[in-house]
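Peer 1: A predicted structure for the sequence below; I have some questions about it.
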Amino acid sequence: MSVLTAEELHAALSLRDLADPAQGPHAIQLIVDSIRTELGQAWPYTEIWTRRDHPVVPLADNYDNLGYAADAVTREERYTRYASAGTVLRSHTSAMIPPALRELADSSAASDVLMICAGICYRRDSVDWQHTGTPHQLDLWRLSRNVTLGEPELEAMIATLVATVLPGQTYRTVPAVHPYTIHGRQIDVLLDDQWIEIGECGVAAPAVLRRAGLDERWTGLAMGPGLDRLLMLRKGIRDIRLLRSTDPRVAGQMLDLSAYKSVSSMPPVRRDLSLVVGPDADTSPEALGDKVRDALGADADAAELLEILGETSYDELPPAARDRLRLEPGQRNVLVRLILRPVDRTLTAAEANALRDKVYRALHEGPVLELIGG
């Protein structure tokens, strides 16, 4: 098992959690507050519990106690960041739910509770305008032993969420499977002509509730919207990196929910990379995105987009190209486009080339290096 080094863990934990008021104000917190207020009014007899746990959580609470199978692919190191053999950097705020459920099971007084868990999460993800390896998520779980909670109540909860954060927006739900829900759904909102996922939800799986010690009288609803995505759609932001920008012209607009006003954008720098990868190399956008972020380190936010243009096997490649790349049977040639554009400064050609070469070295597995930075 690959475990994060002390330096890697420190770097991850040093990143500001935009959902935490103790780390400074941010509009993401206003999204959480508005949802809390509206659901509180919709369910006036429901007690509200707000939970904020440390990002390093037991492996069992991140997976086992939420119903994930022992062989679930998401447990693999390419998707999960292990802090130790038994702990991980939470991959979702749902990791805060099992301890909250156990607390509820130990409470003799509570009978109808809305659990609100917001915070930063740590994932392997692609590089584009919607995705980041450190997203912010909100878990909303309502549990009751007084009211039977099912699909009608779930539909009302979805409608309240969208009306509160994205009033007037067109939305849909499509079936989705989660280990911690039944009747699972994905919630999408229409942006221009594209459906954008804003979260997933479902009726809380009885097995998850029973495992926490809640008996058969308890039913529940589970919802996990993405806070970055909600804020971007609310304000009209088309670049997730802007949410963390330190440019005063941008950062000042991250303190309210009014429409975002574009500031002068920096010119993009395009670099196309011809890579050699092995037969077992994972070339998914998530895997490559994670390698790019690791390679760039403190400059990770300079990467605006990583796009796979094409992939050619050894047998399909012309002999001259094989010879130039020294491609071996079983290896593949992958063409990747890297767009570099920091949100707060313009890159010089030399800086762009140096960043390009860092990405190239991280992704290329062949013996011939085609570096351009000197």
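Peer 2: Now that the structure is in, tell me what you want to look at. Numbering: from 1, shown residues only.

Peer 1: Name the residues of stretch 26-36 that are buried.
Peer 2: Buried residues in stretch 26-36, counted by 16 or more other Cβ atoms under 10 Å: H26, A27, I28, Q29, L30, I31, V32, S34, I35, R36. Where C-beta positions appear, they are placed from N, C-alpha and C, glycine not excepted.

Peer 1: my guess is the second one contacts Y260, does it?
Peer 2: Read it as A27. No - in this structure, A27 is not within contact of Y260 by Cβ atoms under 8 Å, at 9.8 Å.

Peer 1: Inside helices: which ones of the buried residues of stretch 26-36?
Peer 2: A27, I28, Q29, L30, I31, V32, S34, I35, R36 (DSSP state H).

Peer 1: and the residues you listed as JSON lines, adding distance to V292 and pLDDT?
Peer 2: Below are these laid out as JSON lines (distance: Cβ to Cβ, whole Å; pLDDT from 0 to 100):
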{"residue": "A27", "distance to V292": "27", "pLDDT": "98"}
{"residue": "I28", "distance to V292": "24", "pLDDT": "98"}
{"residue": "Q29", "distance to V292": "29", "pLDDT": "98"}
{"residue": "L30", "distance to V292": "31", "pLDDT": "98"}
{"residue": "I31", "distance to V292": "28", "pLDDT": "98"}
{"residue": "V32", "distance to V292": "30", "pLDDT": "98"}
{"residue": "S34", "distance to V292": "34", "pLDDT": "98"}
{"residue": "I35", "distance to V292": "33", "pLDDT": "98"}
{"residue": "R36", "distance to V292": "36", "pLDDT": "98"}
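
Peer 1: picking up where we left off before, out of the buried residues of stretch 26-36, who's nearest P55?
Peer 2: Distance to P55 across the buried residues of stretch 26-36 (Cβ to Cβ) is lowest for I28, with 15.7 Å.

Peer 1: got the contact list for that closest one?
Peer 2: L18, A19, A118, H136, L227, D228, L231, L243 (Cβ atoms under 8 Å, 6 or more residues apart in numbering).

Peer 1: hmm, back to that, can you list residues touching both of A27 and Y260?
Peer 2: By Cβ under 8 Å, 6+ apart, A27 and Y260 have these common neighbours: K235.

Peer 1: what about A251, which SS state?
Peer 2: Put simply, A251 is helix when judged by DSSP: H, G, I helix; E, B strand; the rest coil.

Peer 1: Please consider this matter closed, and thank you.
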